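# With the input below, show me the fold.
(chains A, B, C and D)
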2 protein chains.
Amino acid sequence: MTSEELGSELAAAVTEVARLLVREGVHVNRTSLSVLATLLSGPRRITDLAACEFVSQPGMTTLVSRLEDEGWVKRQPDPTDGRAVNVVITKSGERMLEKAIAARGEVLRTRIDRLEPKDRRALAAAVTALRTVTRD
Amino acid sequence: MTSEELGSELAAAVTEVARLLVREGVHVNRTSLSVLATLLSGPRRITDLAACEFVSQPGMTTLVSRLEDEGWVKRQPDPTDGRAVNVVITKSGERMLEKAIAARGEVLRTRIDRLEPKDRRALAAAVTALRTVTRD
DNA sequence: CGAATTACATAACCACGCTATACGTTCCGG
DNA sequence: CCGGAACGTATAGCGTGGTTATGTAATTCG
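Numbers count the residues shown, from 1 in each chain, chains lettered A, B, ... in the order given. I've put the predicted structure just below:
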């Protein structure tokens, strides 16, 4: 199989899994989860978050507002720069993220448990490779 | 690693790849591609397509209208049931699907080519497992 | 025949992105 | 040290892709 073919096959397979997760998983969108996960390692500015998530700055502003409405993050003024805002995850946000990750894991767990040991090992080995693929 | 942990890791990795594909891939959404792919095996009714794609019937009606506007599908009256509509893929739709799949493959190809041979083999082995995971 | 069901369409709405732009803050060169 | 440029965020207006509730025509069945 060529890399191109592998790419197409992988794209299709990965897309299906992503759809499965959206369908059966927690109804919180992936960008929100990704932002919350980023915030676990400390406060960030809106612009930083926008760059991390590859969305526009206004897009991130409204996303942060939504997360704030849910009580999952707080906006804090930056003491050293009057223009900037520091987005901080709340306890409630941490709990929510944890539950969402667990729920997402659970969706796949039942299905992974039904696999042949060979396929299960294949998935475990692929996780690292998938992470490398999305790097940079 | 437990199945639950593998599930969470895999969910995160797969979600990132899906985001990458949306970001850099063809600007046609995955549901459209999936519908077109389904139609390759023959005409379908709106309701059938909605069930296949796990969207509501009105959602599928508007999606089909969009695809029709692009010239990728046609609506045909069902000769045996005056209520029903048969959705048929057009030549143009087939060409478009083919190109979209190739483009999606290409996005991953360049990244797969940069992987260690070991990781490349891991991905190839995982494709089958991923397909099994999403079955049923 | 008439009522219930089925298949699709329409309407009104919402979530989540985008671009263009406004506004206040900070930085920096003359 | 002041004025303009650059920066960080917010707002306005829009587009896409979905949702539920409801309408309408065709079919089925007692």
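# Show me where chain A has its strands.
A:44-45, A:73-77, A:85-89 (DSSP state E).
# Dump those strands into a markdown table; add mean pLDDT as well.
Listed next are these as a markdown table, based on pLDDT from 0 to 100:
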| stretch | mean pLDDT |
| --- | --- |
| strand A:44-45 | 98 |
| strand A:73-77 | 97 |
| strand A:85-89 | 98 |
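# ok, now how distant is residue A:73 from DNA strand C?
14 Å (Cβ to the nearest atom of the strand, to the nearest Å). C-beta: built from backbone N, CA, C; applies to glycine.
# Give the bridge partners for that residue, please.
For residue A:73, the beta-bridge partners are residue A:89 (DSSP bridges).
# still on that earlier bit, out of the strands of chain A, which comes closest to residue A:28?
The closest of the strands of chain A to residue A:28 is strand A:73-77. By Cβ to Cβ, the value is 12.9 Å.
# is that closest one up against DNA strand D anywhere?
Yes - residues of strand A:73-77 contacting DNA strand D under Cβ under 7 Å from any atom of the strand: residue A:75.
# In that strand, which residues are buried?
Under the neighbour-count criterion of 16 or more other Cβ atoms under 10 Å in any protein chain shown, strand A:73-77 has A:73-74 buried.
# what does that strand rub up against?
The contact list for strand A:73-77 (Cβ atoms under 8 Å, 6 or more residues apart in numbering or on different chains) reads A:35-36, A:39, A:43, A:64, A:67-68, A:84-90, A:93.
# ok, and the most crowded of those residues?
Most neighbours among the contacts of strand A:73-77, by other Cβ atoms under 10 Å in any protein chain shown: residue A:35, with 26 neighbours.
# wait, doesn't that residue sit right on residue A:67?
Yes - the criterion here is Cβ atoms under 8 Å, and residue A:35 meets it with residue A:67 at 6.9 Å.
# ok, the nearest residue to residue A:129 once chain neighbours are set aside to DNA strand C distance?
Counting by Cβ to Cβ, 6 or more residues apart in numbering or on different chains, residue A:129 lies nearest to residue B:119, which is 3.7 Å off, once chain neighbours are set aside. Separation of residue B:119 from DNA strand C (Cβ to the nearest atom of the strand): 29 Å.
# burial count for residue B:119?
By other Cβ under 10 Å, neighbour count at residue B:119 equals 19.
# how about it, what does it touch?
By Cβ under 8 Å, 6+ apart, the neighbours of residue B:119 are A:128-129, A:132.
# need the residues of chain A near DNA strand D, please.
So chain A meets DNA strand D at A:45-48, A:57-58, A:61-62, A:64-65, A:75, A:78, A:81, A:83-85 (Cβ under 7 Å from any atom of the strand).
# at 10 Å what do you get?
Selection of chain A residues close to DNA strand D by Cβ under 10 Å from any atom of the strand yields A:19, A:22-23, A:43-51, A:56-65, A:68, A:75, A:77-78, A:81-87.
# Break down chain A into its helices, ranges please.
Using DSSP state H, the helices found in chain A span residues A:3-24, A:30-39, A:46-53, A:57-70, A:91-113, A:117-134.
# Now do the third one against helix B:3-24: the angle between them, please.
Just to be clear, that refers to helix A:46-53. Between helix A:46-53 and helix B:3-24, the angle comes out at 100 degrees (axes from the mean of the first three to the mean of the last three Cα atoms, to 10 degrees).
# Give me the most central residue, chain A.
What sits nearest the mean C-alpha location of chain A, by Cα atoms, centre = their mean, is residue A:34, with 3.1 Å.
# Skipping adjacent residues, who's closest to that residue in space?
residue A:53 (5.9 Å).
# That neighbour reaches residue A:46, doesn't it?
No - the criterion here is Cβ under 8 Å, and residue A:53 misses it with residue A:46 at 10.8 Å.
# what's the overlap in contacts for these two?
With Cβ under 8 Å, 6+ apart, residue A:53 and residue A:46 have common neighbours residue A:60.
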